[in-house]
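Trainee: just coords:
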């Protein structure tokens, strides 16, 4: 049986006095792609931020059976969790290559340059732009860079916050194909929050639906994509 890699139990998250997540429970299994669906304001981004140690929480978050609930963000990265935030999140004044090197800040091995080259092999446009500042890239190129930078830490779990937001359909398709390759060929486990339910469920193993800070549906991606409530709310049925 596949091991649980990440588990959230009775997870709440707040901004000051405002509670956004209300005791949610979910888990992500090793080597799978899981998605969290929901409308704007449902709490999707807050969920990812909570798992990354970026927002005040209660409850328990375990990663590889270790409680990481009270760890700082950089310590969570060192445990093997990388976060690609909504809105790209690159360092706009740094070059493409310097952004990639920042992604490897926790590493001291001799393979960093090889991994940078792997990023360039995957996204040749980043090699072409390697001396340009990240802020000069297109939206799609910045998302490629943000994902590549996250992978430079060699994470076991990749958290992706609305990776399709604001991108042209052909760029989104290429990015999601890359996510599938990373999962199938390299065993990278992923938790993706998305509004594009059709796209997300089409590649995922498991899904959760978040509404107003509570998980209201969960199941295999196949069962959710055929669920009448999902079809009405998210698939235009």
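Mentor: Yep, that arrived. Treat the numbers as computed from the prediction; the structure is a model and nothing was measured.

Trainee: So which bits of the longest helix seen in the chain are buried?
Mentor: Criterion DSSP state H: the longest helix present in the chain is helix 169-186. By neighbour count on 16 or more other C-beta atoms under 10 Å, the buried set for helix 169-186 is 171-172, 175-176, 179, 182-183. In short, each C-beta sits where N, CA and C put it, glycine included.

Trainee: Which strand residues bridge the residue sitting nearest the centre point of the chain?
Mentor: Nearest to the mean C-alpha position of the chain, by C-alpha atoms, centre = their mean, lies residue 160 at 1.6 Å. With DSSP bridges as the criterion, residue 160 is bridged to residue 84, residue 192.

Trainee: which ones are touching it?
Mentor: 48, 84, 147, 179, 190-193 (C-beta atoms under 8 Å, 6 or more residues apart in numbering).

Trainee: In terms of secondary structure, what does the longest helix of the chain contact?
Mentor: For helix 169-186, the packing partners by 3 or more C-beta pairs under 8 Å, 6 or more residues apart in numbering; DSSP states H and E come out as strand 33-37, helix 139-151, strand 189-194, helix 197-203.

Trainee: change it to 7 Å
Mentor: Contacting helix 169-186 under the criterion 3 or more C-beta pairs under 7 Å, 6 or more residues apart in numbering; DSSP states H and E are the following elements: helix 197-203.

Trainee: so the helix or strand immediately after the helix it packs on in the chain versus strand 189-194, what angle?
Mentor: For helix 197-203, the following helix or strand on the C-terminal side (DSSP states H and E) is strand 206-211. Angle, strand 206-211 to strand 189-194, by axes from the mean of the first three to the mean of the last three C-alpha atoms, to 10 degrees: 30 degrees.

Trainee: list the buried ones in strand 206-211?
Mentor: Here strand 206-211 shows 206-210 as buried, counting by 16+ other C-beta under 10 Å.

Trainee: now that strand, how far from the centre of its chain.
Mentor: How far strand 206-211 lies from its chain's middle: 14 Å, per C-alpha atoms, centre = their mean, to the nearest Å.

Trainee: partner strands of it, parallel or antiparallel?
Mentor: Take DSSP bridges as the rule and strand 206-211 pairs in its sheet with strand 33-37 (parallel), strand 214-220 (antiparallel).

Trainee: Could I get the average pLDDT for that strand?
Mentor: Across strand 206-211, the average pLDDT comes to 95.

Trainee: now do stretch 24-35
Mentor: So the average pLDDT for stretch 24-35 ends up being 97.

Trainee: Which residues does it contact?
Mentor: 2-11, 183, 187, 189-192, 194, 200-201, 203-208, 214-215, 218 (C-beta atoms under 7 Å, 6 or more residues apart in numbering).

Trainee: Make a ChimeraX selection of the buried ones in these.
Mentor: To isolate the buried ones among those in ChimeraX, judged by 16+ other C-beta under 10 Å, type:
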select :5,6,7,8,11,183,189,190,191,192,194,200,201,203,204,205,206,207,208,215,218
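
Trainee: Tell me how many other residues crowd residue 221.
Mentor: 20 (other C-beta atoms under 10 Å).

Trainee: can you tell me which residues contact it?
Mentor: 201, 204-207.

Trainee: Now these in JSON lines, please, with extra columns for distance to residue 122.
Mentor: Compiled in JSON lines, the contacts of residue 221 are given as follows (distance: C-beta to C-beta, whole Å):
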{"residue": "201", "distance to residue 122": "24"}
{"residue": "204", "distance to residue 122": "21"}
{"residue": "205", "distance to residue 122": "23"}
{"residue": "206", "distance to residue 122": "26"}
{"residue": "207", "distance to residue 122": "26"}
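
Trainee: Perfect, I'm done here.
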